[in-house]
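Asks: my questions concern the predicted model and sequence given below.
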Amino acid sequence: MGSRAIAISRDGRNVYVASSTSRAIAIFHRDRRTGRLTQPAGKGGCISTGGGGSCAKAVGLAGANSLAISRDGRNLYATARAANAVTSFKRNPKTGALRQLPGGCISGLAQPGCVAGEALVAPDVLVASRDGKNVYAGSFFGNAVAAFVRDPSTGVLTQLSGTAACIAEATAGCATGVALGSPEGMAISANGGQVYVASALSNAVAILTRDPTSGALTQATDGSGCIVQAALTGCVTGVQLAGANAVALSPGDTHAYVTNLISNTVDSFNRSSSGTLTQKLATTGCLAFLRAVGCSFGRAMSAPEGVEVSPDGRNVYAVAFATGAVDVLDRNRVTGRVAQKPGRAGCVGPSKGCRPARATRGASSIAISPDRRFVYVTAFKSNAVDVFRRKR
């Protein structure tokens with residue numbers, strides 16, 4: 001109920017869905033040949049606040065809305081917006097079942113079973129670093145990114161101390177950042193050097209620098225630390241970034257793609273070797289549902305949320321909350337330029353001119369299987385997870 005986010009284990013065995021209304025994480029076995037999902041009965045098929053619905057018992061999952069799996073596959077982490085919490089779980093690599101870790105709830109609220117955390121006000125998104133050392137959570141109403149150290153042997157999270165615990169627009173005790181109003185999407189570079197934040201209220205993409213030793217985040221103030229729609233001191237100005245919602249990096253980290261809920265756009269950026277972003281110029285810089293200056297036309301792209309780049313770099317997929325569509329974009333692997341596939345192949349969903357699909361209302365997040373063959377989408381209003389075969 002209220003399926004909001006999705007994650008696939010690197011071994012391709014399991015799919016996990018953050019179900020905000022159910023206050024739960026649903027657990028699925030994945031057939032690696034057919035891509036089909038089956039949910040085990042009882043505690044092996046879900047974990048929820050209080051253990052309702054015959055699920056395994058957890059704390060801190062009210063409004064579960066984002067998931068990340070550690071690169072070693074041993075742990076799953078979740079944000080829960082209503083609980084103001086970041087939660088931690090041990091994953092059984094054979095069955096996919098989850099068990100909450102001791103101290104596996106860090107919350108901005110005083111609540112039983114959770115330890116206190118800083119700048120955790122309606123956390124909405126999180127990412128795990130590839131080196132397994134850190135997890136970062138974007139705090140929607142806290143206008144902040146909270147930083148955690150991960151114990152590689154146990155998976156337990158501990159928030160960094162002092163001002164390194166968080167970077168925020170205006171939160172006492174946090175390092176100071178800009179263009180961090182209401183983070184809704186994040187991505188971390190493969191080398192771990194940068195964390196990219198899509199900030200909905202700031203209409204911006206913030207670029208944070210990560211210390212590989214401590215995990216602390218800082219932000220440049222020379223204009224390279226953020227791209228915003230309206231002029232802001234310390235940032236450069238971009239276009240069509242209203243309601244920045246999700247961010248994804250291409251293989252090799254040469255390009256970045258951002259969905260924007262209010263602009264109804266998918267924007268494209270070049271990424272330099274130093275980690276800075278530059279928005280592509282003219283009509284190569286964005287696709288827009290409604291015609292907009294500097295953008296080419298995109299179909300069935302109203303209120304786009306989730307975005308992913310295929311592992312082979314050939315396609316970008318965006319899911320649109322209002323139209324319930326999966327938009328299919330061809331990507332030039334050298335230039336990074338994207339263009340929507342022509343005709344019905346350019347989108348899947350209920351919109352006119354798209355290939356038909358069912359149970360996609362409120363499409364909100366997307367994940368691609370490690371074998372590149374299947375695409376999985378959560379549909380918040382349909383209370384569903386949708387499975388698509390990717391045609392190559």
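Replies: Yep, that arrived.
Asks: can you get me a residue count around the nearest residue to Gly155 once chain neighbours are set aside?
Replies: With Cβ to Cβ, 6 or more residues apart in numbering as the criterion, Gly155 has its nearest non-adjacent residue at 3.6 Å, and that residue is Asn75. C-beta: built from backbone N, CA, C; applies to glycine. Asn75: 26 surrounding residues under other Cβ atoms under 10 Å.
Asks: against Pro183, how distant is Asn75?
Replies: 22 Å (Cβ to Cβ, to the nearest Å).
Asks: so the residue nearest to Gly155 makes contact with Pro93?
Replies: No - Asn75 is beyond contact range of Pro93, at 10.7 Å (criterion: Cβ atoms under 8 Å).
Asks: OK, contacts around the residue nearest to Gly155?
Replies: Each residue near Asn75 by Cβ atoms under 8 Å, 6 or more residues apart in numbering is listed here: Ile69, Ser88, Phe89, Lys90, Arg91, Leu101, Arg150, Gly155.
Asks: what's the closest of the residues you listed to Thr79?
Replies: Ser88 (11.1 Å; Cβ to Cβ).
Asks: now the closest one: how far from Tyr77?
Replies: Using Cβ to Cβ, we find Ser88 at a distance of 6 Å from Tyr77.
Asks: common neighbours of these two, please.
Replies: Shared contacts of Ser88 and Tyr77 (Cβ under 8 Å, 6+ apart): Leu157.
Asks: could you list which of the contacts of Asn75 belong to strands?
Replies: Within the contacts of Asn75, residues falling in strands by DSSP state E are Ile69, Ser88, Phe89, Lys90, Arg91, Leu101, Arg150.
Asks: can I get those residues in TSV including neighbour count?
Replies: Compiled in TSV, the ones in strands among the contacts of Asn75 are given as follows (neighbours: other Cβ atoms under 10 Å):
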residue	neighbour count
Ile69	19
Ser88	26
Phe89	25
Lys90	18
Arg91	23
Leu101	18
Arg150	22
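Asks: out of the residues you listed, which is nearest to Ala179?
Replies: Using Cβ to Cβ, these come closest to Ala179 at Arg150, 26.5 Å.
Asks: hmm, that closest one is touching Arg130, no?
Replies: No - the criterion here is Cβ under 8 Å, and Arg150 misses it with Arg130 at 11.7 Å.
Asks: what is the end-to-end distance of stretch 245-263?
Replies: 10 Å (Cα to Cα, to the nearest Å).
Asks: actually, stretch 277-292.
Replies: Stretch 277-292 has an end-to-end distance of 22 Å (Cα to Cα).
Asks: how about stretch 68-78?
Replies: End-to-end distance for stretch 68-78, by Cα to Cα: 6 Å.
Asks: before we move on, what about stretch 41-61?
Replies: One end of stretch 41-61 to the other measures 20 Å (Cα to Cα).
Asks: ok, and what's touching that stretch?
Replies: For stretch 41-61, contacts defined as Cβ under 8 Å, 6+ apart pick out 19, 22-28, 39, 62, 78, 80, 83, 85-87, 89, 95-100, 104-105, 107, 111-114.
Asks: which of those residues are buried?
Replies: Buried subset of the contacts of stretch 41-61 (neighbour count, 16 or more other Cβ atoms under 10 Å): 19, 22-28, 62, 78, 80, 83, 85-87, 89, 96-98, 100, 104-105, 107, 111, 113-114.
Asks: which ones among these are found in strands?
Replies: Per DSSP E, the subset of the buried ones among the contacts of stretch 41-61 in strands is 19, 24-28, 78, 80, 85-87, 89, 98, 100, 104-105, 107.
Asks: report how many residues lie close to the closest residue to Val149 other than its chain neighbours.
Replies: Nearest residue to Val149, sequence neighbours excluded (Cβ to Cβ, 6+ apart): Thr158, at 5.1 Å. Using other Cβ under 10 Å, Thr158 has 13 neighbouring residues.
Asks: check Val385 too.
Replies: Val385: 22 surrounding residues under other Cβ under 10 Å.
Asks: hang on, it packs against Ala18?
Replies: No - in this structure, Val385 is not within contact of Ala18 by Cβ under 8 Å, at 10.6 Å.
Asks: joint contacts of those two?
Replies: Residues touching both Val385 and Ala18 by Cβ under 8 Å, 6+ apart: Ser3, Ile6, Thr378.
Asks: which members of these occur in helices, if any?
Replies: Assigned to helices by DSSP state H, none of the shared contacts of Val385 and Ala18 qualify.
Asks: nearest to Pro356, of the contacts of Asn75?
Replies: Checking the contacts of Asn75 against Pro356 by Cβ to Cβ gives Ile69 as the nearest, at 31.6 Å.
Asks: how near is the residue nearest to Val149 to Pro152?
Replies: Computed as Cβ to Cβ, the Thr158 to Pro152 distance reads 12 Å.
Asks: over to Val205?
Replies: Distance, Val205 to Pro152, by Cβ to Cβ: 30 Å.
Asks: more crowded one of those two?
Replies: In this view Val205 and Pro152 are compared by other Cβ under 10 Å, and Val205 has more residues nearby, 28 against 14.
Asks: give me the three-state assignment for Val195.
Replies: Assigned with DSSP: H, G, I helix; E, B strand; the rest coil, Val195 falls in the strand class.
Asks: count the neighbours of it for me.
Replies: Here the number of neighbours of Val195 (other Cβ under 10 Å) works out to 26.
Asks: which residues does it bridge with?
Replies: Per DSSP bridges, the residues bridged to Val195 are Ile188, Leu208.
Asks: equivalent analysis for Ala367, please.
Replies: Under the criterion used here (DSSP bridges), Ala367 is bridged to Tyr376.
Asks: now do it, the pLDDT please.
Replies: According to the prediction, Ala367 has pLDDT 98.
Asks: wait, which of the ones in strands among the contacts of Asn75 is closest to Ala200?
Replies: Ile69 (24.5 Å).
Asks: and that closest one, what is it in contact with?
Replies: Taking Cβ under 8 Å, 6+ apart, we find Ile69 in contact with Ala7, Ile8, Ser9, Arg10, Tyr16, Asn75, Leu76, Tyr77, Arg91, Ala128.
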